[in-house]
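A.B. asks: I'll drop the sequence and a predicted model, then ask my questions.
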Amino acid sequence: MPYCPKCDMEFIDGITVCSDCHGPLAESREAAEAMKKKEQEETFMRLQEEYEYQKQSIEELKQAYEEEEKAKPNRVPEFTRAYVSKAQKYDDLKSSASAFFLVGGLLTAFSVLSWTNMVRLPFGLVGQVSLTALGLIFLAIAAKTSMDAQAVSGQISEEEAKTQQIVSWFTGQYTGKQLDGQLLADYGELAPEEQSLKRFDLIQDILITNHDLNDPSYVDKLAEDIYGTLYQD
């Protein structure tokens, strides 16, 4: 007998359109179930493909960024500790929030489809509840990460101003020749590689002595900027 796959209703022979949703009827209940199963599989595949596409896009952007960073010439010796600036931290948080929003949105959309019986999960009610909870968790994480990003964004200009102030102070007080003269007096003639290391150490010592800097990686970042200004610009 004709059967509506959307409304789960059976009709008498001769009827071809559902009286409720006005959609076409299947030949039988079995045929309707087969149609629904096929639609579920197609919907799941589309969601999975979209997720994989977005995931690949994020990975490609991350890889491109890492390759760009590797291609930059080394301005100072490579023993510096990695410092994550507020601007970079903001970008990372925004990227993470977008990823969580994407995954959470897809999971939530898929769970809505399952609750409205447009998609049937093979693991029943437990699967529906788990999928819904997971989607909401991802969306909550995305919202929290987005809030953290907004908090960091307000610190970017302050950090940049502080960095510029310290670098300007240092380059206004010292020149490369002055630092090299002090190294010559302390250590005598140095090989080029050793001289680079000693320059960097001296810049760090001056920064720590004259400024209240508690983050060693930030000191390295400042020393890197100053080293480049004094010796390579």
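C.D. replies: Right, received. Where do you want to start? Numbers count the residues shown, from 1 in each chain.
A.B. asks: Tell me the secondary structure of Ile141, please.
C.D. replies: Following DSSP: H, G, I helix; E, B strand; the rest coil, the label given to Ile141 is helix.
A.B. asks: Go ahead and confirm it touches Gly104.
C.D. replies: Yes: the criterion here is Cβ atoms under 8 Å, and Ile141 meets it with Gly104 at 7.5 Å. Using the backbone N, CA and C atoms, a C-beta is placed for each residue, glycine as well.
A.B. asks: These two: who's more crowded?
C.D. replies: Gly104 (20 against 17; other Cβ atoms under 10 Å).
A.B. asks: who's in contact with the more buried one?
C.D. replies: With contact set as Cβ atoms under 8 Å, 6 or more residues apart in numbering, Gly104 has these partners: Gly135, Leu136, Ile137, Phe138, Leu139, Ala140, Ile141, Ala142.
A.B. asks: any idea whether it is helix, strand or coil?
C.D. replies: helix.
A.B. asks: likewise Tyr83?
C.D. replies: Secondary structure, three-state DSSP: Tyr83 is coil.
A.B. asks: what sits against it?
C.D. replies: By Cβ under 8 Å, 6+ apart, the neighbours of Tyr83 are Asp215, Ser217, Tyr218, Asp220, Lys221.
A.B. asks: can you do 7 Å?
C.D. replies: With contact set as Cβ atoms under 7 Å, 6 or more residues apart in numbering, Tyr83 has these partners: Ser217, Tyr218, Asp220, Lys221.
A.B. asks: ok, how many other residues are close to the second one?
C.D. replies: Per other Cβ under 10 Å, the neighbour tally for Tyr218 reads 19.
A.B. asks: Work out for me the element it sits within.
C.D. replies: Using DSSP states H and E, Tyr218 falls within helix 216-231.
A.B. asks: Since that was my last question, I'll sign off now.
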